[in-house]
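Visitor: One predicted model, sequence on top.
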Amino acid sequence: MHDRLFIPGHVEVRPELLQAVASPQVGHRTKAYTDMHAALIPQLKQILYTQQEVLLFTCSATGVMEGSIRNLCQKKVLTTVNGAFSKRWFQIAGYNGFQADKLEVEWGKAVMPEAVDKALATGQYDVFCAVFNETSTGTRAPLEQYAEVLKKYPDVMFCVDAVSAMAGDKIETDKLGLDVCLAGTQKCWGLPTGICVTMISNKAMERAAQAKAPGYYVNFVDAKKYNDKHQTPHTPAIPLIFGLSAQANHILNVEGLENRWARHLEMARIVRKWALDSGFEMLPEKGYESVTLSCIKNTKKIDVKALNGELSKRHHCIISNGYGDLKDLTFRIAHMADTSVAEIKQLLTWIDEIIA
Ligand SMILES: Cc1ncc(COP(=O)(O)O)c(C=O)c1O
C-alpha cells in the first residue's frame, strides 16, 4: 500500500485520474488529440477566469518561469522574495543574463504592495514577478493589492507563479490583470507532474512577439500559433493531458468551481485552528496564510521524522517537514487537490494520537 501524500506536492491522485493518464495513446497530430485539446482549453479558461490565452507546456513550472522572463523582459525584472520559490524568479533572471532586483522580506512575511509601488515608480522595470502561494512558508501574497498597484504601470508585465494555488485557490486572472499565471499539474490540479498550465495575456503575447531571444522550447508566440490549431509545437505529455481533461471535467461539472474553492478554505481553517488549539503557531503572518497548505511552527518541538514514520506505519500517509532553512523549525500539511475535509480531520486525529 502506498503512502497517501499530505505534502505540498506531489499529491494523492484519484484512481479515476490515474486511469485517465493510462489511456491508450494517440498521436499528437491526430484528430483524436486535437479534439481533446480543443475541448480542454476553454475549460481551463473557465477555471482561470480568463478570456485570453491558456497554453500547455510540457515541462515543470520552472520551465515556464524561465520562459516568461525570456519572452517578456526587455529592461529589468523586479521580484518579491519571501521564500524559496520567489527567490527562484530572481535566480532565473540572473541565470538568463537579465538584470533583476528583489524586494526581500523575512520568510513567512508578505511583501507589501507599497514596496512594489515604490520600486515600480522608478521606471526601471518591465516585468514584475511574484509567487502567489509560497510553498516553502505557506504564505499567500496580497495579489489583489499588487493588482491595484500594477494598474498604474501598464508596461510592466505581471507574472505570477501560482504553482501551489492554481485549481485550489480562486484566481481571477483577467480581473487581476495578470499577464502570466502558471502552475504545474502535481499540486492543486491533483495529477502527476509534467504539464505547466499557463495563462498568458494578449498584452504579454504582443510583448513576446518583440522578444529578441525568447528561447525555442517555451516560446509564447510559437505555442500560441500551435494552440490556435489545438496542438503544441513539440510532443506534449499526452498522458497528462488525458488526466487534465478528466480533472477539468470533474472540477467544472462534478465538484463545481465555488465548491472547490470553499472546500480548500474549509480545510485550511480546520488545520489552522487545530494548530493553534494544539499549542503550535502558524509561520505566516496573520492574514497571509495559504489556503492550500499550512506551514506550522514546531513550537512544541515534536519529532516530525518520527511522527511521519508512525503515520506511514500505522496509517499509510505522510506530512512534510519544513523547507530549506525551516526544515527543523516548521512542518507542513497540504490540504490541496482532491483531499476531502473528512480526510484532513482524520489526519489531524491520527497526529494527535501519535504525539499525545
Ligand atoms: C511555488 C512554487 N513555485 C515553483 C515551483 C517549482 O516547480 P517545479 O519544481 O515543478 O518546476 C514549486 C515547486 O514546488 C513551487 O512550490
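Guide: That came through fine.
Visitor: From here on, just use CA atoms for contacts and neighbour counts.
Guide: OK.
Visitor: ok, how many other residues are close to residue 35?
Guide: Look at residue 35: counted by other C-alpha atoms under 10 Å, it has 12 neighbours.
Visitor: Confirm it sits in a helix?
Guide: Yes - counting by DSSP: H, G, I helix; E, B strand; the rest coil, residue 35 is found in a helix.
Visitor: Distance check, it against the ligand.
Guide: 27 Å (C-alpha to the nearest ligand atom, to the nearest Å).
Visitor: Can you tell me the closest non-neighbouring residue to that residue?
Guide: residue 230 (7.5 Å; C-alpha to C-alpha, 6 or more residues apart in numbering).
Visitor: That neighbour contacts residue 37, correct?
Guide: Yes - counting by C-alpha atoms under 8 Å, residue 230 touches residue 37, with 5.4 Å between them.
Visitor: hang on, the earlier thing: ok, the residue nearest to residue 35 - how many residues close by?
Guide: Neighbour tally, residue 230, other C-alpha under 10 Å: 21.
Visitor: where does it land in three-state SS?
Guide: Applying three-state DSSP: residue 230 is coil.
Visitor: so who does it touch?
Guide: The contact partners of residue 230, by C-alpha atoms under 8 Å, 6 or more residues apart in numbering, come to 34-35, 37-38.
Visitor: Show the model's pLDDT score for residue 68.
Guide: The per-residue pLDDT reported for residue 68 equals 98.
Visitor: is the helix or strand hosting it up against the ligand anywhere?
Guide: For residue 68, the enclosing helix or strand under DSSP states H and E is helix 61-72. Yes - against the ligand, helix 61-72 shows contacts by C-alpha under 6 Å from any ligand atom at 61-62.
Visitor: Could you spell out which stretches of this structure belong to which domain?
Guide: With domains defined by automatic domain parsing, the chain comprises 4-10+257-355, 16-253.
Visitor: related to what we said a few turns ago, for the contacts of residue 230, pick the one with the most neighbours.
Guide: Among the contacts of residue 230, residue 37 has the most neighbours (other C-alpha under 10 Å), with 22 neighbours.
Visitor: Look up how far the ligand lies from it.
Guide: Where the ligand is concerned, residue 37 sits at a distance of 22 Å (C-alpha to the nearest ligand atom).
Visitor: How about the contacts made by that residue?
Guide: Contact partners of residue 37, counting by C-alpha under 8 Å, 6+ apart, are 230-231, 241.
Visitor: now with 10 Å?
Guide: 28, 31, 56, 227, 229-232, 238, 241-242, 245 (C-alpha atoms under 10 Å, 6 or more residues apart in numbering).
Visitor: Show me the helices in the stretch 1-150 of the chain, by range?
Guide: 15-21, 31-47, 61-72, 84-95, 113-120, 143-150 (DSSP state H, counting those that start in this stretch).
Visitor: Of these, which is nearest residue 6?
Guide: Minimum separation from residue 6 across the helices of the stretch 1-150 of the chain (C-alpha to C-alpha) falls at helix 15-21, 16.5 Å.
Visitor: Next, see if stretch 279-298 gets close to the ligand.
Guide: No - on the criterion C-alpha under 6 Å from any ligand atom, stretch 279-298 is out of touch with the ligand, staying 10.5 Å away.
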